[in-house]
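A.B. asks: My questions concern the predicted model and sequence given below.
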Amino acid sequence: PRVLLTGGSGFIATHVLETLLARGHSVVTTVRSPQKGQAILQAHPELQKDRLDYAIVEDISQANAFDKAVVSEPPFDAVIHTASPYHFNAKDAKELLDPAIIGTTGILNSVKKYAPSVKRVVVTSSFAAINNIYAAGKGKIYSEADWCPITEEQANENPGNAYRASKTFAERAAWNFMETETPSFDLTVINPPLVLGPIAHRLASLSALNTSNQRIRDLITGAAKDRCPPTGNHGYVDVRDLGLAHVLAIEKPEAGGKRIFTVSSHFSNKEIAEIIGEEFPEFRDRLPSGEGLAPGDYPADGVYGFDNSRSRQVLGIKYRNLKESIVDAVNSLLAVEPAL
Ligand code: NDP
């Protein structure tokens with residue numbers, strides 16, 4: 001099968017790309033610049049252009065941004081849409097909402113209009129589109145049945161809400177498109193919580209590190225020594241398991257029409273700090289301890305639970321444990337900056 005993967009320069013997309021190639025798919029990936037595209041090709045000098053190539057899509061928040069990229073010879077069988085901004089630096093919610101929503105409806109529209117061979121589109125949504133941040137967490141078991149109830153007004157309250165809203169509204173727009181436009185392809189949505197694990201994309205320095213791994217960087221550099229950052233949502237998934245989940249989502253017919261909540265287990269930033277201290281003794285004196293560690297612990301009144309049975313049953317995912325994710329993530333960061 002031939003697959004179009006959007007946002008191939010990203011943290012998660014790089015693992016999706018590696019998994020696609022390892023499982024024999026041929027891939028075209030969209031990136032924002034020729035430099036980013038060339039870097040991806042250079043990582044695979046053994047592959048010819050018919051196995052791996054790139055297309056430039058500079059800004060997914062422009063209408064019709066994907067019209068050209070969805071056309072290929074031979075034509076695509078599937079599309080995996082991961083590109084979407086994930087950061088908390090937005091000055092205005094629109095910076096996140098537009099690329100998320102217009103990017104998602106845009107690719108669905110372009111596929112419908114110009115890529116009739118596509119049978120399955122997979123969209124990377126998030127636990128952010130499931131989690132009800134306004135409800136008490138204790139005792140709740142989250143599953144694909146849940147939706148984040150955030151409103152347009154709340155999206156503008158702070159950068160965290162802007163991100164949650166971007167993922168929630170984009171996913172809603174995707175399901176709405178399927179209902180109103182009845183395209184010939186079907187849709188699978190993947191909903192990961194915090195994604196941890198080794199980076200495989202090419203970074204010049206750790207200042208460019210993706211958002212979800214920044215807490216690991218801040219622990220090993222000593223930036224969090226006085227105060228372990230609060231954990232936020234207490235669910236994680238390893239990026240390699242998530243990469244495989246995206247690829248299985250195009251390979252398994254029964255994944256069609258479903259949201260799939262890909263969560264491994266609970267974690268806290270305190271546990272991450274403890275794993276680093278045990279496995280990398282050279283960083284022990286940079287890690288928070290005693291009272292400084294407490295803010296990274298689970299909330300005293302308990303945490304919500306997760307139901308990942310659909311991901312195990314439909315996709316057959318077996319999840320890595322936290323220690324493996326953290327050890328491999330730290331080693332991958334040290335490969336970028338050995339002097340740390
Ligand atoms: P990255 O920041 O590493 O990747 C984001 C990708 O989106 C990059 O390739 C980026 O391109 C591209 N992108 C962002 N804005 C635009 C735009 N306007 N036009 C074109 N491309 C754009 O983040 P992740 O890999 O972590 O995230 C990938 C997906 O996974 C996102 O949809 C995110 O919401 C979702 N997700 C991530 C989680 C996590 O914990 N990491 C958790 C749940 C969901 P460039 O690098 O060139 O800017």
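C.D. replies: Yep, it's here.
A.B. asks: pLDDT at the closest residue to G10 other than its chain neighbours, what is it?
C.D. replies: Among residues not flanking G10 along the chain, T82 sits closest, at 6.1 Å (CB to CB, 6 or more residues apart in numbering). Quick note: C-beta positions are derived from backbone N, CA and C, even for glycine. Note on T82: pLDDT of 98.
A.B. asks: And for the residue in the chain positioned nearest to the ligand, the neighbour number?
C.D. replies: As assessed by CB to the nearest ligand atom, the ligand sits closest to G10 within the chain, at 2.6 Å. Neighbourhood size, G10 [other CB atoms under 10 Å]: 23.
A.B. asks: Likewise for A273?
C.D. replies: A273, neighbours per other CB under 10 Å, totals 28.
A.B. asks: Could you say which helix or strand holds it?
C.D. replies: helix 269-279 (DSSP states H and E).
A.B. asks: ok now do the residue nearest to G10, which residues does it touch?
C.D. replies: L5, T6, G7, G10, I12, A13, V16, T124, H246 (CB atoms under 8 Å, 6 or more residues apart in numbering).
A.B. asks: possible to save the residues you listed as CSV with distance to V118, secondary structure and pLDDT?
C.D. replies: Below are those laid out as CSV (distance: CB to CB, whole Å; DSSP: H, G, I helix; E, B strand; the rest coil; pLDDT from 0 to 100):
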residue, distance to V118, secondary structure, pLDDT
L5, 13, strand, 98
T6, 13, strand, 98
G7, 17, coil, 98
G10, 21, coil, 97
I12, 21, helix, 98
A13, 18, helix, 98
V16, 17, helix, 98
T124, 17, strand, 98
H246, 15, helix, 98
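A.B. asks: Return the closest of these with respect to R32.
C.D. replies: G7 (8.7 Å; CB to CB).
A.B. asks: now the helix or strand just after the helix holding A273, how far from the centre of its chain.
C.D. replies: Using DSSP H and E, the helix or strand that directly follows helix 269-279 along the chain is strand 305-306. Strand 305-306 has its C-alpha centroid displaced from the chain centroid by 19 Å (CA atoms, centre = their mean, to the nearest Å).
A.B. asks: And for stretch 122-133?
C.D. replies: That offset, for stretch 122-133, works out to 10 Å (CA atoms, centre = their mean).
A.B. asks: What parts of the stretch 151-300 of the chain come near the ligand?
C.D. replies: K167, P192, L194, V195, N210, S212 (CB under 6 Å from any ligand atom).
A.B. asks: how many neighbours does the fourth one have?
C.D. replies: Here the count is done by other CB under 10 Å, and V195 has 25 residues near it.
A.B. asks: Tell me the secondary structure at it.
C.D. replies: strand (DSSP: H, G, I helix; E, B strand; the rest coil).
A.B. asks: Contact partners for it?
C.D. replies: Contacts of V195 (CB under 8 Å, 6+ apart): F11, I12, S212, Y236, V237, D238, V239, L242.
A.B. asks: at 7 Å what do you get?
C.D. replies: Contacts for V195 (CB atoms under 7 Å, 6 or more residues apart in numbering) come out as I12, S212, V237, V239, L242.
A.B. asks: Let's see if you can find the most crowded of those.
C.D. replies: Busiest of these [other CB under 10 Å] is V237, holding 31 neighbours.
A.B. asks: Then that one would be within a helix, right?
C.D. replies: No. Under three-state DSSP, V237 sits outside any helix and is assigned strand.
A.B. asks: quick one: buried residues of the host helix or strand of T180?
C.D. replies: T180 belongs to helix 159-181 when assigned by DSSP H and E. Using 16 or more other CB atoms under 10 Å as the test for burial, helix 159-181 gives 159, 161-174, 177.
A.B. asks: from these, which single one is nearest V28?
C.D. replies: Nearest member of these to V28, counting by CB to CB, is A174, at 21.0 Å.
A.B. asks: Just the pLDDT at that closest one, thanks.
C.D. replies: pLDDT, A174: 98.
A.B. asks: all helices in the stretch 1-150 of the chain, in order from the N-terminus.
C.D. replies: Secondary structure of the stretch 1-150 of the chain (DSSP state H, counting those that start in this stretch): helices at 11-22, 34-42, 94-114.
A.B. asks: for the stretch 1-150 of the chain, what are the low-confidence residue spans?
C.D. replies: By pLDDT under 70, the low-scoring segments of the stretch 1-150 of the chain are 136.
A.B. asks: again, but for the stretch 151-300 of the chain
C.D. replies: Checking the stretch 151-300 of the chain against pLDDT under 70 turns up nothing.
A.B. asks: For the most centrally placed residue in the chain, give me its contacts.
C.D. replies: Among the residues of the chain, the one closest to the centroid is I12, at 5.1 Å (CA atoms, centre = their mean). I12 makes contacts with T82, T124, V195, V239, L242, G243, as judged by CB under 7 Å, 6+ apart.
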